[in-house]
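> Here is a sequence together with a model predicted from it:
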Amino acid sequence: MKKLFAIVLCLAMVFSFAACGGEKDDDKPVLKMATNAYFQPYEYYEGDKIIGIDAEIAEAIADKLGMKLEIKDMEFDSIITAVQEGSVDFGMAGMTVREDRLEKVDFTTSYANGKQVVIVKENSAITSVDDLFAEGATWKAGVQLGTTGDIYATDDLGEDRVTSYNNANSAVLALIAGDVDCVVIDNEPAKALVNANEGLKILEATYADEDYAICVKKGNTELLDKINAAIDELVEDGTIDTIINKYIK
Ligand code: ARG
């Protein structure tokens, strides 16, 4: 009986040890990321989980920092404010590095490239990006609020010809409904949207080339340096390429 008791006790100890051992995620400090998860393939929902290129790279960075990643989904337009206020540690959302944003936040080294393209209906009278800028043209563009697509289109076409929506999907629905004549948006999300909706195409010419990076609170060089070091390692060992190639065929 005593022997049996000893064995049971031993087993119990082994099991509880196993349960405590290994990586205990809950004990790790939390690294909070802000994003806007309607931007396939960079960040989007699969069920109630946010997946995508940014989500996976962020996970790998958090791992390197010995931290546990927590993703907060919000309007794209709110990300920089959240980073400035410190309610999150960083923003990652296929976000383009821009001078005016550098006045509000600091950016890491770039981990990917993007470009702005134009989506139109398959039978659209708009046949090239230049048509949009033609003398006397009145074509209307739909964009996602606060994105570079919004900024460029507003600069080039004027406020009256641009309508901003909360996310790219709403902008595309407006295009399908005929409320706007085109949508200006990043290339990869554009491809995903054209694949998901019938009767749309992307115009050949690129509107603008861009670099994507992570933003942190201005002056938070400690976190900036750590993330940059992690990105360097993840570029070097091929992790970032593998992640990008997994989502962009
Ligand atoms: N690259 C563009 C920008 O920085 C669009 C990014 C939109 N990202 C998103 N997750 N909705 O303005």
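Received, thanks. Numbers count the residues shown, from 1 in each chain.

> Output the longest strand belonging to this protein.
For the chain, the longest strand by residue count, based on DSSP state E, is strand 112-121.

> now for it, which elements pack on it?
Applying 3 or more CB pairs under 8 Å, 6 or more residues apart in numbering; DSSP states H and E, one finds that strand 112-121 makes contact with helix 148-157, helix 168-177, strand 182-186, helix 187-196, strand 200-202, strand 208-212. Glycine gets a C-beta too; all of them are placed from N, C-alpha and C.

> nearest spatial neighbour of the residue nearest the centre of the chain, skipping sequence neighbours?
Against the mean C-alpha coordinate of the chain, by CA atoms, centre = their mean, the closest residue is Ala93 at 2.5 Å. The shortest distance from Ala93 to any non-neighbouring residue, by CB to CB, 6 or more residues apart in numbering, is to Thr35 (4.5 Å).

> now Leu175: how far from the ligand?
Distance of Leu175 to the ligand, given as CB to the nearest ligand atom, to the nearest Å: 17 Å.

> Look up the pLDDT of that residue for me, please.
pLDDT recorded at Leu175 is 98.

> Now for it, how many residues are close by?
24 (other CB atoms under 10 Å).

> and if you look at the one 3 residues further on?
Here the number of neighbours of Gly178 (other CB under 10 Å) works out to 9.

> i'd like the first residue to be 40 from this point on
Done: numbering now begins at 40, and the last item shifts to Gly217.

> Quick check: phi and psi on it?
Backbone torsions for Gly217, taken as degrees, to the nearest 10, come to phi 90, psi 10.

> Ok, Pro80 next?
phi -100, psi 10.

> so what's it closest to, chain neighbours aside?
Leaving aside its sequence neighbours, Pro80 sits nearest to Tyr286 (CB to CB, 6+ apart; 3.8 Å).

> Now that the one you found has come up, it's in contact with Gly91, right?
Yes: contact criterion CB atoms under 8 Å: Tyr286 and Gly91 qualify, at 6.4 Å.

> I figured the residue nearest to the centre of the chain hits Tyr83, correct?
No: applying CB under 8 Å as the test, Ala132 and Tyr83 come out as separate, 11.3 Å apart.

> contacting residues for Thr187?
Thr135, Arg137, Gln155, Ala247, Glu249 (CB atoms under 8 Å, 6 or more residues apart in numbering).

> Done for today, thanks.
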